[in-house]
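Chemist: Please work out how this folds:
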Amino acid sequence: MTKYHMRRIEREITDKNLLNAILIEGRYVTISMCRESEPYIVSLSYGYDQKKNCLYFHCANEGLKIEFIKTNPLVCATIIKNCGYKTNECNHMYQSIVIRGNLSIIENFEEKKHGFDVLINHLEENPELIKQKHLNNEKSYTNSYILRLDIEEISGKENN
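Modeler: The predicted model follows:
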């Protein structure tokens with residue numbers, strides 16, 4: 001895959017800690033997919049696993065995104081941190097990252113449980129309450145999919 005340079009190099013985020021902070025603070029990611037010449041884009045909530053350098057998603061076990069993943073697992077995704085619009089200056093403050101990687105459907109039951117844990121811990125104020133309510137038996141894990149986006153490349157840009 002051809003790597004392009006950033007046109008506004010002064011806005012590039014090169015600090016790995018800042019890139020990681022954006023992943024930790026974010027809640028939604030927009031993922032672009034393609035099969036043959038047909039594009040598809042979807043926004044999902046996610047959980048970030050720092051140790052495995054991946055994002056986990058929860059979704060139904062059928063649908064268009066599943067069809068796309070099975071055809072072509074290579075995806076591009078973005079997370080944007082809105083830092084506010086400067087009224088009367090025609091300027092928007094932001095931090096954003098672009099991720100390239102492989103999106104896969106998790107089949108292994110233990111990893112599926114792990115993915116749900118990562119997702120709930122990332123999104124919820126009281127994760128244990130949610131786990132007790134929604135993930136209280138093995139059947140809770142079988143009626144939906146967990147997807148994992150393995151981060152292969154990440155770049156960032158900011159305007160502040």
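Chemist: worst-scoring helix or strand of the chain, pLDDT-wise?
Modeler: One helix or strand of the chain scores below all others by mean pLDDT, DSSP states H and E: helix 139-142, with a mean of 76.
Chemist: next helix or strand past that helix?
Modeler: strand 145-159 (DSSP states H and E).
Chemist: Surely Tyr85 is in contact with Asn159?
Modeler: No - counting by C-beta atoms under 8 Å, Tyr85 does not reach Asn159; the two are 10.9 Å apart. Yep, even glycine has a C-beta here, placed from its N, CA and C like the rest.
Chemist: what comes up buried for the helix ranked longest in the chain?
Modeler: For the chain, the helix with the greatest residue count under DSSP state H is helix 109-123. In terms of neighbour count (16 or more other C-beta atoms under 10 Å), helix 109-123 has its buried residues at Lys112, Lys113, His114, Gly115, Phe116, Asp117, Val118, Leu119, Ile120, His122.
Chemist: Stretch 31-50 now?
Modeler: Within stretch 31-50, the residues scored as buried using 16+ other C-beta under 10 Å are Ile31, Met33, Tyr40, Val42, Leu44, Tyr46, Gly47, Tyr48, Asp49.
Chemist: quick one: which two of the residues you listed are the most distant?
Modeler: Tyr40 and Asp49 (24.5 Å; C-beta to C-beta).
Chemist: now do the same end-to-end measure for stretch 32-41.
Modeler: End-to-end span of stretch 32-41 (C-alpha to C-alpha, to the nearest Å): 4 Å.
Chemist: Oh, that last question was meant for stretch 68-79, not what I typed.
Modeler: OK, stretch 68-79 end separation, C-alpha to C-alpha: 21 Å.
Chemist: ok, now stretch 134-154?
Modeler: Counting by C-alpha to C-alpha, you get 33 Å between the two ends of stretch 134-154.
Chemist: Stretch 53-71 now?
Modeler: 23 Å.
Chemist: so for it, what's the average pLDDT?
Modeler: Stretch 53-71 shows an average pLDDT of 94 in the prediction.
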